[in-house]
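K.L.:
could you look at this predicted model? Sequence included:
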Number of protein chains: 2
Amino acid sequence: MPRTKEDDARPVRGKAATINDIARLAGVSKKTVSRIINRSPLVRADTRDKVETLMREVGYVPDPMARGLAFRRSFLIGMIYDNPTAQYIVDIQYGALDALRDSGFELVVHPCDSRSPNYVDGVRRFVQQQKLHGVMLVPRVSEDQALADMLDDVGCRYARIAAVALDAPDRIVVTHDRDGAAEVADYLQSLGHREVAMITGPAAYRSAIERTHGFVGALQRRGIELPPSRLVEAGYTFESGVAAAEKLLGAKKRPTAIFCGNDEMAAGVYRVALRTGIQIPKQLSVVGYDDSPLASRLWPPLTSVRRDTRDTGRMAAAMLLQTDGAPRPLSSVRPHLVIRDSCQPPA
Amino acid sequence: MPRTKEDDARPVRGKAATINDIARLAGVSKKTVSRIINRSPLVRADTRDKVETLMREVGYVPDPMARGLAFRRSFLIGMIYDNPTAQYIVDIQYGALDALRDSGFELVVHPCDSRSPNYVDGVRRFVQQQKLHGVMLVPRVSEDQALADMLDDVGCRYARIAAVALDAPDRIVVTHDRDGAAEVADYLQSLGHREVAMITGPAAYRSAIERTHGFVGALQRRGIELPPSRLVEAGYTFESGVAAAEKLLGAKKRPTAIFCGNDEMAAGVYRVALRTGIQIPKQLSVVGYDDSPLASRLWPPLTSVRRDTRDTGRMAAAMLLQTDGAPRPLSSVRPHLVIRDSCQPPA
DNA sequence: CTGAAAGCGCTTACAG
DNA sequence: CTGAAAGCGCTTACAG
């Protein structure tokens, strides 16, 4: 193997350079190198330049475990989540990794079961053992105040992702689900629908509550009342969507439009409509929420509310990296309706 | 807050116990505690019992950063992947976490772009900076020999997931895609189909090659020849599936059955069939591969090859934890056909 | 089977 | 603005 210049610059062949190598080669103390690593302003500009150039030449990168041990805090960001859809998990991860790129931080995934009585303890052990720098809390665990309180207790910073601002601006990314659902109501009303229904997610989810309130409220403002029989709670799953659709479409007076709390449940409505010969959108308009890949795989392609999940993940991770404590504006991401072919004016 | 017994057992209030605390409390040297942490046999049974009991009482867990620094190797497993579907990524992650639970290891995710010319360098930096204990290689990066060679070079153990045994048994989980595809061929033949077509994944993917060979070979064995015009290469995406289906279904003599290299492309066939008024399964049988959630959301529900992705991830991670070097049988996972409603005998 | 010393690669606390 | 000493919580190498 030919030796390159870079190889020769390496202080000890075959072993990565350490802070001591850099200090020796630069003719400064390791403490000065440490200051540069940690972006301390207390270093003369020319000293900084000299050392930084050397670090680049040698390909020096500080050891995260050594730094972590000394700091008593790792360079790991945890992602805590319960059971969202695969696409949502992956999008949040991609977004988080966007923010973490070249930061020296890495993303550690930690799914958990929030129905288990001691899941908060499980998260605490994870956080403490790994001395995590911070954690991202994804719905629905992000809505659990007991979890947030525990993290405060053990001094672990966190970033929550939630439908509303249920925490301080430096600890939350707000997704404004209410607005997304309101846009759906406006759209359906503009098409002329008055016999409208909604299949909601579980009332235990804040997102479900917000989407329901947003939808019902916007309808009311436009003079449309949603009777309780037209509001069916389901479980955010395909199967629960099927069951809810059977209830709504089996009624003596069918709605002309159904808004579903997510795309999975909308797929359930499609299933029932196909089975019972109800044509979408001719006889029934359907709207989903998430704008998942599924929305464009269905036929007709499903009109759905898009949420910029990757941006959401990016913001949450970025929040954990910002340690200067400077006040920051509320991080929020706006949903918006993506109109496809699943709606038309009622017959 | 009431003080519990456990609180009082903590050597220093508010700070986690260290190996020194355990050694002092147990009346042994820290080296003995270290031996117990590392499951060394060179400890008397009663010493071991005494110390282990104490560790449990105190809630002592060794600091992974301190251990990692001393070992020059972290307790992190990396998961390297390019661009599979979200469900696949998440299933592999869940499986890996099953294997890692209570092991003291954590999972760090690292997507990359294998089309980028220096992605191998990117992975090397990741692996070396974090001193990873090992990495899981997911298709398609798992098929890249240059990547595996680099990992060997830098002394990082790895576990590849691939359609065939392209590495030693202690470094690979084989998914036998050929067998899954052959089962599809047998099934379609048993229904009486002879005018069969296949939409394959990209020829650069080993999974695509194996599924194609498995399908074509099994058909041949049953006396069915697949002309080149009936073998259309696509890109494992919905859109490419649509384009391939248009080609196949626009031909003067249509096939009576189409096998797709994955469910996404099968959804593309559904789309074209719906648009052109071809009824599934009456006029056209369709089979997918993956058995993703999408398969059961489509109408009619899609017959598809299931692969036990979570098991696959579990095996790959378990492989990285086994460090005794004992010889092990080849890890492999068998695909099998899940029959739904998208096929019937040809008209 | 057990232990005292040195070291892993960094940072903190203090001094200048 | 810079540095020498001590320490973070473990393990290795050696000795007994």
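P.N.:
That came through fine.
K.L.:
helix or strand with the lowest mean pLDDT in chain A?
P.N.:
helix A:5-9 (a mean of 35; mean pLDDT, DSSP states H and E).
K.L.:
could you point out which element follows it?
P.N.:
Counting by DSSP states H and E, the element after helix A:5-9 in chain order, helix or strand, is helix A:19-26.
K.L.:
in the stretch 1-150 of chain A, which spans are strands?
P.N.:
Applying DSSP state E, counting those that start in this stretch to the stretch 1-150 of chain A gives strands spanning A:76-81, A:106-111, A:134-137.
K.L.:
flag every residue of the stretch 101-250 of chain A that's near chain B.
P.N.:
A:104, A:106-111, A:125, A:128-131, A:238 (Cβ under 8 Å from any Cβ of the partner chain). (Each C-beta comes from the backbone N, C-alpha and C, glycine too.)
K.L.:
you'd agree residue A:132 is up against residue A:78?
P.N.:
Yes - in terms of Cβ atoms under 8 Å, residue A:132 counts as a neighbour of residue A:78; the distance is 4.8 Å.
K.L.:
rewinding a little: what's the closest of the residues of the stretch 101-250 of chain A next to chain B to residue B:158?
P.N.:
residue A:106 (17.5 Å; Cβ to Cβ).
K.L.:
list the residues that contact the nearest residue to residue A:109 once chain neighbours are set aside.
P.N.:
Using Cβ to Cβ, 6 or more residues apart in numbering or on different chains and skipping the chain neighbours, the partner closest in space to residue A:109 is residue A:79 (5.2 Å). The contact partners of residue A:79, by Cβ atoms under 8 Å, 6 or more residues apart in numbering or on different chains, come to A:92, A:93, A:96, A:107, A:108, A:109, A:110, A:135, A:136, A:138.
K.L.:
for residue A:285, same thing?
P.N.:
So residue A:285 contacts A:188, A:191, A:193, A:256, A:257, A:258, A:342, A:343, A:344, A:346 (Cβ under 8 Å, 6+ apart).
K.L.:
and the fourth one, how many residues sit next to it?
P.N.:
Read it as residue A:256. 22 (other Cβ atoms under 10 Å in any protein chain shown).
K.L.:
could you double-check that residue A:180 sits in contact with residue A:305?
P.N.:
Yes - between residue A:180 and residue A:305 there is a contact under Cβ under 8 Å: 4.1 Å.
K.L.:
which residues do the two both contact?
P.N.:
Going by Cβ under 8 Å, 6+ apart, residues that sit against residue A:180 and also against residue A:305 are A:289, A:335, A:336, A:337.
K.L.:
top of these by neighbour count?
P.N.:
residue A:289 (30 neighbours).
K.L.:
chain center to stretch A:65-85, what's the gap?
P.N.:
17 Å (Cα atoms, centre = their mean, to the nearest Å).
K.L.:
list the buried residues in it.
P.N.:
Judged by neighbour count using 16 or more other Cβ atoms under 10 Å in any protein chain shown, the buried positions of stretch A:65-85 are A:65, A:67-69, A:73-82, A:84-85.
K.L.:
what do residue A:132 and residue A:78 both touch?
P.N.:
Contacts common to residue A:132 and residue A:78, judged by Cβ under 8 Å, 6+ apart, are A:108, A:126.
K.L.:
what pLDDT does residue A:53 get?
P.N.:
Looking at residue A:53, its pLDDT stands at 90.
K.L.:
what of residue A:189?
P.N.:
Residue A:189 is given a pLDDT of 97.
K.L.:
thinking it is in contact with residue A:219, fair?
P.N.:
Yes - taking contacts as Cβ under 8 Å, residue A:189 lies within contact range of residue A:219: 6.8 Å.
K.L.:
who's more crowded, these two?
P.N.:
The neighbour comparison of residue A:189 against residue A:219 (other Cβ under 10 Å) goes to residue A:219, with 24 against 18.
K.L.:
pull the contacting residues for the nearest residue to that one once chain neighbours are set aside.
P.N.:
In this structure, residue A:219 finds its nearest non-sequential neighbour in residue A:185, 4.7 Å apart by Cβ to Cβ, 6+ apart. Listed by Cβ under 8 Å, 6+ apart, the contact partners of residue A:185 are A:196, A:214, A:215, A:216, A:217, A:218, A:219, A:222, A:224, A:259.
K.L.:
and the stretch 1-150 of chain A, which residues reach DNA strand D?
P.N.:
A:28-32, A:35, A:41-45, A:47, A:66, A:69-70, A:72 (Cβ under 7 Å from any atom of the strand).
K.L.:
make it 10 Å
P.N.:
A:23, A:26-36, A:40-48, A:50-51, A:65-72, A:129, A:131 (Cβ under 10 Å from any atom of the strand).
K.L.:
make a PyMOL selection of whichever of the residues you listed turn out to be buried.
P.N.:
Selecting just the buried residues from these in PyMOL takes one command, with 16+ other Cβ under 10 Å as the test:
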select buried, chain A and resi 23+26+28+30+32+33+34+35+36+43+47+48+50+51+65+67+68+69+129+131
